[in-house]
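K.L.:
pasting the structure only:
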């Protein structure tokens, strides 16, 4: 059974860092694209970052480029999202997701498997 479990959220002040983890089970995460979405109150869920199968390429939404880094630890079957220089507008529930595809195109729209989400709150 494919499962994703996020952790690492919390409350921080602007400029600080958090590292989110997405622990995968029921499949070998290395072979598939996995990404992060976020949803702020009253807003649509948006894609933040994605890492392709075998880490060949990563993508980021413009608002987090240069501040967030997605990575894999294949030994732990886990994908991380390192978030530096956090801003209040980064406040949201963060979800990891996989469609069990090799690429990031259309992530979250093709038979997605979602984690339960982790809250990130950034204050001034």
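P.N.:
Yes, it's here. Keep in mind the model is a prediction, meaning the values are calculated, not measured.

K.L.:
ok, residue 68 - contacts?
P.N.:
Each residue near residue 68 by C-beta atoms under 8 Å, 6 or more residues apart in numbering is listed here: 48, 49, 60, 81, 82, 83, 84. C-beta here means a position set from N, CA and C on the backbone, and glycine is covered the same way.

K.L.:
And the strands in this protein?
P.N.:
For the chain, the strands identified by DSSP state E occupy 3-7, 10-13, 18-25, 34-39, 46-51, 58-60, 68-73, 78-83, 92-98, 113-114, 118-123, in order along the chain.

K.L.:
out of those strands, nearest to residue 104?
P.N.:
Ranking these by proximity to residue 104 (C-beta to C-beta) places strand 46-51 first, at 3.7 Å.

K.L.:
and the residue positioned nearest the centre of the chain, what does it touch?
P.N.:
In the chain, the residue lying closest to the centroid (C-alpha atoms, centre = their mean) is residue 36, at 2.5 Å. Contact analysis of residue 36 by C-beta under 8 Å, 6+ apart lists 20, 22, 47, 48, 49, 50, 70, 81, 94, 95, 96, 97.

K.L.:
how about TSV for these, with distance to residue 105 and pLDDT added?
P.N.:
Shown next, in TSV, are those (distance: C-beta to C-beta, whole Å; pLDDT from 0 to 100):
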residue	distance to residue 105	pLDDT
20	23	98
22	19	98
47	11	98
48	16	98
49	14	98
50	9	98
70	16	98
81	19	98
94	21	98
95	18	98
96	17	98
97	13	98
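
K.L.:
most neighbours, which of those?
P.N.:
The most neighbours of any of the contacts of residue 36, using other C-beta atoms under 10 Å, belong to residue 96, which has 31 neighbours.

K.L.:
Leaving aside the residues adjacent along the chain, what's closest to that residue?
P.N.:
residue 22 (3.5 Å; C-beta to C-beta, 6 or more residues apart in numbering).
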